[in-house]
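Participant: Okay, structure incoming, though there's no sequence with it:
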């Protein structure tokens with residue numbers, strides 16, 4: 001029998017942010033100039049399902065390249081991590097790439113998926129329990145960007161490795177990326193490491209196409225944020241009155257995603273109304289792309305150093321292994 005511990009909850013019980021918190025976030029963000037909403041609002045149950053669909057679109061090279069990379073290099077990656085690892089994954093989702101890695105790990109101590117959406121977490125753990133009956137699974141329902149307490153491992157690991165696939169690090173601005181990497185550095189401990197997916201800079205047209213798929217799935221995903229606000233805090237966004245726009249900013253090295261008002265309109269947010277001019281945009285997500293040198297410099301600011309880099313054959317995507325910079329000095 002596989003060892004699956006009950007799904008524990010982070011210290012702040014942040015599986016579903018309280019509705020008053022969501023209302024406060026919406027009020028604050030829509031009062032800014034320009035207007036902004038945080039990208040974590042994408043990931044209710046419907047949003048998580050739509051993101052899985054995005055990953056299957058032909059234009060969305062990121063998942064395809066990362067899976068090809070993992071299939072090619074998982075043995076080498078596992079050798080670099082070493083034996084008796086506790087693997088802690090931030091934002092575990094469906095776990096396709098994780099299963100490739102787990103098949104190659106040497107005597108892993110436990111797997112701790114950290115996921116804010118309870119249902120995808122439950123499904124993923126159920127599938128992993130069937131495929132890896134001897135692996136202790138310790139699911140944690142939490143927002144990985146906030147403080148949480150890791151469950152006690154079944155035995156002492158030789159090292160804790162924080163796994164952060166999918167280029168999610170690109171969704172954070174540089175300052176916030178450094179803070180998140182520092183948080184991982186603290187959680188992994190002195191002997192630990194970070195295994196992270198990083199999307200690389202490339203032809204802007206390829207990048208833009210990935211966030212503007214022909215089937216319109218990404219547009220549905222982006223607009224679902226407004227549907228969530230309607231449902232959870234009683235807003236009255238008319239989804240057809242907003243358009244999805246994702247544009248690559250070469251100076252900043254990132255995709256900038258907005259929801260753009262198609263007309264002059266008023267939207268109810270709590271007891272107040274928020275006005276939109278025609279063409280006025282809500283900034284909802286950044287997706288930063290890095291050169292290998294740029295990401296190494298970012299890691300250095302968090303007290304980390306890049307030990308190994310694996311890329312797909314076209315060098316479109318990378319998986320990188322980081323350890324404490326101080327640990328390398330000894």
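Facilitator: Okay, I see it. Just so we're clear, the structure is a prediction, and the values are computed from it rather than from any experiment.
Participant: What spatial separation is found between residue 224 and residue 204?
Facilitator: 26 Å (C-beta to C-beta, to the nearest Å). (C-beta placed from N, C-alpha, C; glycine too.)
Participant: With residue 236 instead?
Facilitator: When residue 236 is compared with residue 204 (using C-beta to C-beta), they lie 37 Å apart.
Participant: Next: residue 242.
Facilitator: Residue 242 is 25 Å from residue 204, by C-beta to C-beta.
Participant: cool, residue 183 as well?
Facilitator: 31 Å.
Participant: Do you have the strands of the protein handy? List them.
Facilitator: 8-9, 35-36, 85-90, 110-115, 140-141, 159-164, 193-199, 242-249, 254-261, 265-269, 272-276, 281-288, 304-311, 317-324 (DSSP state E).
Participant: quick one, phi/psi of the closest residue in space to residue 25 that isn't next to it in sequence?
Facilitator: Nearest non-adjacent residue to residue 25, counting by C-beta to C-beta, 6 or more residues apart in numbering: residue 38, 6.4 Å away. Phi and psi for residue 38, reported as degrees, to the nearest 10, are phi -70, psi 150.
Participant: isn't residue 38 right up against residue 28?
Facilitator: No: using C-beta atoms under 8 Å, residue 38 is not in contact with residue 28, being 9.9 Å away.
Participant: quick one: which of the two has more around it?
Facilitator: residue 38 (17 against 12; other C-beta atoms under 10 Å).
Participant: what does stretch 175-195 rub up against?
Facilitator: With C-beta atoms under 8 Å, 6 or more residues apart in numbering as the test, stretch 175-195 has contacts from 77, 81, 88, 90, 101, 145, 150, 158-165, 169, 172, 288, 298-299, 301-304, 307, 319-324, 327.
Participant: run the last query once more with 7 Å
Facilitator: 77, 81, 88, 145, 150, 159-164, 169, 172, 298-299, 301-304, 319, 321-324, 327 (C-beta atoms under 7 Å, 6 or more residues apart in numbering).
Participant: which of the residues in it are buried?
Facilitator: The neighbour-count check on stretch 175-195 (16 or more other C-beta atoms under 10 Å) flags 177-178, 180-181, 183-185, 187-188, 192-195 as buried.
Participant: cool, and stretch 240-256?
Facilitator: In stretch 240-256, counting by 16+ other C-beta under 10 Å, buried: 241-246, 248, 253-256.
Participant: residue contacts, residue 164?
Facilitator: Contacts of residue 164 (C-beta under 7 Å, 6+ apart): 90, 194, 196-197.
Participant: if you set the cut-off to 6 Å instead, what comes out?
Facilitator: Residues in contact with residue 164 (C-beta atoms under 6 Å, 6 or more residues apart in numbering) are 90, 196.
Participant: Bridge partners for it, pull those for me.
Facilitator: residue 196 (DSSP bridges).
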